[in-house]
Each structure stands twice: as structure tokens, then as C-alpha cells.
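**Q** Sequence first, then the predicted structure:
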Amino acid sequence: MLNRILAITLLAAWLPALAQPAAGPHRGFYMYQGADRDQRLIEGARKEKQVTVYTSLNLKDSVPITQAFEKKYGVRVELWRSSSEKVLQRALIEARAGRHAVDAFELNGPEMEALYREGLLEEFYSPHFGSLPPAAFAKHKHYVADRFNFFTIAYNTNLVKPSEVPDSYEDLLHPRWVGRIGIEASDDDWFASIVKHMGEAKGLAFFRKLAQMKPQVRTGHTLLAELVAAGEIPLVATIYNHNAERLLVNGAPIKWKALDPTFGRPNAVAVTKRAQRPHAALLFTDFMLSPEGQNLIKARNRVPASTAVETNLNKFPFHMIDPVIVLDESEKWEKIWSDLFLKGQGVKREAD
């Protein structure tokens, strides 16, 4: 499997300098804000008849969303789904060969940043931007978050007393948690973000102590949530809160809690610079950011980016993991993370 390091290495070989990508042929249309925008968009998309979307969102969640789009607009979605790293690899190989098969992406933040650096994405406008928080936007505006994955703790309510629930990261170092904490094996970007927030010396000292707590390391945030609910692991330090929430609402003995600071991974939508079907590409991103699309994301037990959609999954202060840091410093942080928690083995990333 192509890991993130290899993907970034491949990208670096093609991009000796990270110059600002030049505007593509659809820039004027993508940024159009006239009164007839929606009419032009829908009519053009229906003439194009389909849109090709590459995504990392698993099929049980992405297919119902794309089916709703197809039903509403009569535009077929050609969906190609794989891990974020494989989507990035395919897009880069196709671009290098002069193929422009993909029209839009729905993908993890770091891979989106890599696509931006390669010059595959174009800035766009959506009337739904006003309902998005500042954290949803990349600085260069070439991709916009449609959903977030927030890292919180989760615990089994039958095994952890209310008085024992950690209020801070330091509370995870209490002797009661030796051998009773779980962490997800691929969360080195969360680790890097926490270390940087604490200050590198203090942050690394904290994680060395956490490693001495003999945590149980597993691959998969969904798996960890299920293990907590089953009582096999009393508490997990790195879980997506939506994974715990979907078990909680079904009656499982699990709760989640956001510690300060809480970090999230952005997952974003973008249109491609040389899309063969630009109207359908922009219509798809509009749909994903619209109240309808955002409520469909919520219905799939995920965290919508829009502030117009009510959910208890984002009602706390949060920071976004910076995709730029993930790309530029990944080798450093993966090595430290691996040495601390993986016995020097490589990081294996779960599918979204």
C-alpha cells in the first residue's frame, strides 16, 4: 500500500518548487456570483449528464449521499472510492499522463493540500460559504471542509466512574489507567498537533509518560469505539467522537468527552482545474456544502462543517490539524510516534 510518505515523495519529485498554481480555464465560471448562477449551474450540469468524483468516504456513507444528489438534479455520479493516499496517487498519476478524468474531490485535508500544490485544484465560490466556520477554509481557498473528524476521549460507562473521567490530558497519566488506555495506531498528526500546542519539550515529555502507561494500540477508530462499548478497553485517548456517538444513541455504554485542546481533521470538497464537466463539479460541491448535503452527512453519523446544521458533535472549542504541517513534517512526527507507540513499525492508516 502506498503510504503518505511515499505519496508525498512522489509529489515532491514532480514539484521542485511550490509556486502558486496558475488559474485554469474554468476559474471565471467557478467564481461567478451573478443572480443567474444557480440556473446556469443546473442547466450546464444536466447537459454534462454526469460528474466523476474521487473520494475517501466509505461507500456505506458516500453512496446514499451521491444517490440523493442524482435524484435531485438528474446528474449521474461516477464515484471512485479508496483510501486518501490511493486517491492522491491515482490523481497524480493521471495528471502526469495528461488525463483529466476526475471533476471533483471529497477527501482528507493533507491529500487535498498535496493536490493543491500539484496545481490540480481551482478556487471556487459557493453561496453556502456563509454557513461555514473559518476553520473550514484553507488559506488559499482551493478546498473547503464539508465535514470534520474530531479527536476526543471515549470511555465505558460501566467501567469508568464519573469521578474518574479525565478532565485534561495530564489526567490520562493517573496510575489507574496503566494498561487500560487505547490509542489509534495512525494518529501521528494528532500527536504532532498536541505536542506543538503544548510546546515541543513539554509535549514530548507528556507522550513519553503516556507510552509508559502501556496503552493498547489498535488500528481503526471505529474498532476502538466498539472495543470501548464492549468493555474490552475502558478508555480510549484518540477516538472520533462521531464513532462513539453512533454507538451511544443505540444504547451502548459509551460516552465521549472533548479535552482542551481538541483537534480535528478536515475532510474537504474541491473542484478540479481542468474538469471535463465543470458545471456538474461545482454543482456537486455546492450540494455537499448545502443544508441538504450537510444534513445527509449528519444522518450518516458524521460531523457536518456547516454551523447551520444542529449537532452536539461540535459544541466545544476546537482547532484544525494543519494539513501543511502534516505534509511538510510528516516524516519527523511519524518516526517519533512509531518509536513511542509502534515499536518502530510503520504507520498503517485506516480507510475513512
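**A** Right, received. Where do you want to start?
**Q** Show me what the helix or strand where residue 247 lies is packed against.
**A** For residue 247, the enclosing helix or strand under DSSP states H and E is helix 241-248. In this structure, helix 241-248 packs against strand 144-156, helix 221-230, strand 254-257, with contacts taken as 3 or more CB pairs under 8 Å, 6 or more residues apart in numbering; DSSP states H and E. All C-beta atoms are positioned from the backbone trio N, CA, C, and that covers glycine.
**Q** Relative to residue 332, which of the ones you listed is closest?
**A** Proximity of those to residue 332 was assessed by CB to CB; the nearest stretch is strand 144-156, lying at 19.8 Å.
**Q** For stretch 219-235, the averaged confidence score.
**A** Per-region confidence: stretch 219-235 scores 96 on mean pLDDT.
**Q** Just the terminal-to-terminal distance for it.
**A** From the first residue to the last, stretch 219-235 extends over 15 Å; the measure is CA to CA, to the nearest Å.
**Q** contact partners of it?
**A** In this structure, residues lying in contact with stretch 219-235 by CB atoms under 8 Å, 6 or more residues apart in numbering are 149, 153-156, 158-160, 166, 177, 180-182, 184-186, 216, 218, 236, 238-240, 243-244, 246-247, 252-254, 348, 350.
**Q** Which positions in it come out as buried?
**A** Residues of stretch 219-235 classed as buried under the neighbour-count rule (16 or more other CB atoms under 10 Å) are 220-222, 224-229, 233-235.
**Q** Please state the offset of it from the chain centre?
**A** Taking the mean C-alpha point of stretch 219-235 and that of its whole chain, the gap between them comes to 20 Å (CA atoms, centre = their mean, to the nearest Å).
**Q** from the middle of its chain, how far away would the helix holding residue 247 be?
**A** Centroid separation between helix 241-248 and its chain, computed with CA atoms, centre = their mean, is 17 Å.
**Q** what residues does it touch?
**A** 149-152, 154, 221-222, 224-226, 228-229, 254-256, 258, 301-303, 312-313.
**Q** now do stretch 167-183
**A** When contacts are defined by CB under 8 Å, 6+ apart, stretch 167-183 is touched by residues 153, 164, 166, 194, 206, 209-210, 213-218, 224, 227-228, 233-238, 259-260, 341.
**Q** which of those count as buried?
**A** If you count burial by 16+ other CB under 10 Å, the buried members of those come out as 153, 166, 194, 206, 210, 213, 215, 217-218, 224, 227-228, 233-238, 259, 341.
**Q** remind me which residues of the stretch 1-150 of the chain are low pLDDT?
**A** 1-21 (pLDDT under 70).
**Q** For it, which segments are assigned as helices?
**A** Secondary structure of the stretch 1-150 of the chain (DSSP state H, counting those that start in this stretch): helices located at 4-14, 27-30, 37-48, 59-73, 84-96, 109-118.
**Q** mind checking how far the most centrally placed residue in the chain is from residue 33?
**A** Compute the mean C-alpha point of the chain, and by CA atoms, centre = their mean the closest residue is residue 267, 3.3 Å away. For residue 267, the distance to residue 33 (CB to CB, to the nearest Å) stands at 25 Å.
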